[in-house]
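>>> Requesting a structural model of the entry that follows:
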Amino acid sequence: MSIIYFLIGCSIVLALVFLLAFFWAQRHGQHDDLYTPSVRILLDEDSPEEEKK
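Sure thing, here's the model as predicted:
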């Protein structure tokens, strides 16, 4: 039964770590630009291999 308490404690600590990481990412602007990554492949220039030709 004591292993259940240990596993519950570990899962709560892990959830708090992920929650803190999420808030850190929000505070440092990780999710500010949602548009550019979705169209980046359309805006890419020619690959370096094609420029050498």
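
>>> could you point out where the chain is predicted with low confidence?
Scanning the chain for pLDDT under 70 picks out 44-53.

>>> can you map out the strands along it?
Ranges of strands within the chain: none, based on DSSP state E.

>>> gap between Leu7 and Ala15?
Here Leu7 is placed at a distance of 12 Å from Ala15 (CB to CB, to the nearest Å). The C-beta positions use only the backbone N, C-alpha and C, and glycine is treated the same way.

>>> what residues do those two have in common as contacts?
Residues touching both Leu7 and Ala15 (CB atoms under 8 Å, 6 or more residues apart in numbering): there are none.

>>> okay, now His28: neighbour count?
For His28, the count of nearby residues is 9 (other CB atoms under 10 Å).

>>> My error: substitute Thr36 in the last question.
Thr36 has 9 nearby residues by other CB under 10 Å.

>>> before we move on, what about Leu14?
Neighbour count of Leu14, defined by other CB under 10 Å: 10.

>>> Then the one 5 residues further on?
Leu19 is surrounded by 10 other residues when neighbours are defined as other CB under 10 Å.

>>> Quick check: it vs Ser11, distance?
12 Å.
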